[in-house]
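**Student:** Mind folding the following:
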Amino acid sequence: MYENIKEAINAFIEKIKKNEDYSLPDKEKADDYNCNIYNEFSLQHELGIFLRKNLIGYWKIFFEKNIYNDKKLEYTNKCSWVKKEIDLIAIKYKNSLFNNIEAKYAIELKFAKGKNARTPENMFDFIRDIRFMEQVKEYRNFTKCFVLIIVDAEKYYYNKNQYYNKKTNWIYKIFRREKNDNEEISIDIPKELDNGKRFSHPTGNKKREKDYDNRDNFRLNRNYPTTWKKLVKNKYRYLFIEIQ
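**Tutor:** Numbers count the residues shown, from 1 in each chain. Reported below is the predicted structural model:
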């Protein structure tokens, strides 16, 4: 049992590593029921259930909670929200009456698969989740916010070849490193691009690039040094980032 939310999330990750109660697929099949974490939806619910069962004190766990009080509200302090819903919210209460909040925590989750062809878009979504958690912490006064990312393919963290499309090369440079035998792969997610430009969607329609801080064009508040750590199986790795 855990009193600290970060400690509880790390315990959940360790259980995945040790294949205790939670397992990830080697090769996913439609009729494979041996693995209980096989996509982002299952990760979200397994973590939420784990937190409900293992946090000490008076807690409530919420799934896919809309951050807007009013759905028509788009801007907060001259800043538009980059997303609408938080994957997981954990609320700690001071007593069993559940009417006096002690702390609020938000968690964004990503489970990106290698067979998915939208690799640069997934990487961009990783950064957008960080920006979303910055907004939630600042404008909704959350105590702490976290981003947990799990990937199942080397193409998210290793350079596979020397050729990249010039339009998407910048996103690969952030997350990929030369292949090595290290247990951990250090990266640094910058607050903006080297030329001082905001992050913008690496593919597709960019018509909103000129807008201020929208879902496809934004800066982060700070750099986020982090580490791709081994999870289980052959190629699974994860990033666990606390928003400052």
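
**Student:** What number of residues are in the vicinity of E184?
**Tutor:** Neighbours of E184 under the rule other CB atoms under 10 Å: 10. Where you see a C-beta, it was placed from the backbone N, CA and C, and this is true even at glycine.

**Student:** Could you do C35 as well?
**Tutor:** C35 has 14 nearby residues by other CB under 10 Å.

**Student:** Please look at it and D21 and confirm they touch.
**Tutor:** No: using CB atoms under 8 Å, C35 is not in contact with D21, being 11.8 Å away.

**Student:** which helices and strands sit right next to the helix or strand containing Y105?
**Tutor:** Assigned by DSSP states H and E, Y105 falls within strand 101-112. Contacts defined by 3 or more CB pairs under 8 Å, 6 or more residues apart in numbering; DSSP states H and E place strand 101-112 against helix 40-54, strand 85-93, helix 119-139, strand 144-151.

**Student:** what about those, which gets the closest to D26?
**Tutor:** D26 lies closest to strand 144-151 among those, at 14.8 Å (CB to CB).

**Student:** mind exporting the helix or strand just after that closest one as CSV, just the C-alpha atoms?
**Tutor:** Heading C-terminal from strand 144-151, the first helix or strand you meet, by DSSP H and E, is helix 169-175. Output of helix 169-175 as CSV, limited to C-alpha atoms (Å, rounded to 0.1, in the frame of the first residue of the first chain):
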residue,chain,number,x,y,z
ASN,A,169,13.9,15.0,-38.6
TRP,A,170,13.6,17.4,-35.6
ILE,A,171,11.2,15.1,-33.8
TYR,A,172,13.4,12.0,-34.3
LYS,A,173,16.4,13.9,-33.0
ILE,A,174,14.6,14.5,-29.7
PHE,A,175,13.7,10.9,-28.9
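
**Student:** following helix 169-175, which helix or strand comes up?
**Tutor:** Taking DSSP H and E, what comes next after helix 169-175 is strand 184-189.

**Student:** and the next helix or strand after that following strand, what other elements does it pack with?
**Tutor:** The first helix or strand that comes after strand 184-189 along the chain, using DSSP H and E, is strand 199-200. If you count contacts as 3+ CB pairs under 8 Å, 6+ apart, strand 199-200 packs onto helix 119-139, strand 217-218.
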